[in-house]
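A.B. asks: sequence and predicted structure below; questions after.
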Amino acid sequence: MRSTFSKAKISELFRATNSERVIQNASEIPLLEAPKMVKHHIFNVFRGNSAKSQKYRDFFKKHNIDLDSYCVEISQHRHVSEIHALKNNWTTQWKLWIDAHPDATTREVYQQAGVMMDRYGISSVPLTKYRSSKK
C-alpha cells in the first residue's frame, strides 16, 4: 500500500532527515591536529660561527636591538616553506639590506623590519618574546 503525504509533510520530513544527517556526519569528521607553532625572530639571529655572521649580529647590537624581544609565533610549516624557503628568504633579505645600508639609523632598521613583515604577510601577527621571563 502506497502512503501519500502532503507537500508540507514531505518537506518537513526531508528537513528533519537532512538535519539528522548533517549532525551525524559532523560527528564523524576527524579533528585535525593543531599545527606545531614556532617563534620567528623579526631581527635575524645569524647563528653561524663565521666572521660574516658576527658582522650581522654586531649590526643589530650596534642599534641596541634585543633580538629575542621581537618574535612572532607562526606555524612551523609557514616558517620553513615561506619565511625561510630557499633563495630569497628572510635571512638573505636581512643580509642584502644590511650590506646595502651599513650606516642605517635605528629608525631605518625598524622600518626595514616592518617592510619585511609586510612582504611576508606577518604584520598582523602579534609580537612576542622568544623566551618568556620567569620570576
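C.D. replies: Right, received. Where do you want to start?

A.B. asks: pick out the residue nearest the middle of this protein.
C.D. replies: Ile74 (3.0 Å; Cα atoms, centre = their mean).

A.B. asks: would you mark the buried spots in the helix or strand where that one lies?
C.D. replies: Ile74 is part of strand 71-75, with elements assigned from DSSP states H and E. Going by neighbour count (16 or more other Cβ atoms under 10 Å), the buried part of strand 71-75 is 71-72, 74. In this view, the C-beta of every residue, glycine as well, is placed from N, C-alpha and C.

A.B. asks: helices of this structure, start to end?
C.D. replies: For the chain, the helices defined by DSSP state H occupy 7-28, 51-62, 76-78, 90-100, 106-119.

A.B. asks: how near is Asp103 to Phe60?
C.D. replies: 14 Å (Cβ to Cβ, to the nearest Å).

A.B. asks: comparing those two, which shows the higher neighbour count?
C.D. replies: Phe60 (21 against 5; other Cβ atoms under 10 Å).

A.B. asks: name the nearest residue to the more buried one, ignoring sequence neighbours.
C.D. replies: Nearest non-adjacent residue to Phe60, counting by Cβ to Cβ, 6 or more residues apart in numbering: Phe43, 5.3 Å away.

A.B. asks: quick one, what contacts the one you found?
C.D. replies: For Phe43, the contact set (Cβ atoms under 8 Å, 6 or more residues apart in numbering) comprises 60, 65, 67, 70, 94, 109, 113.
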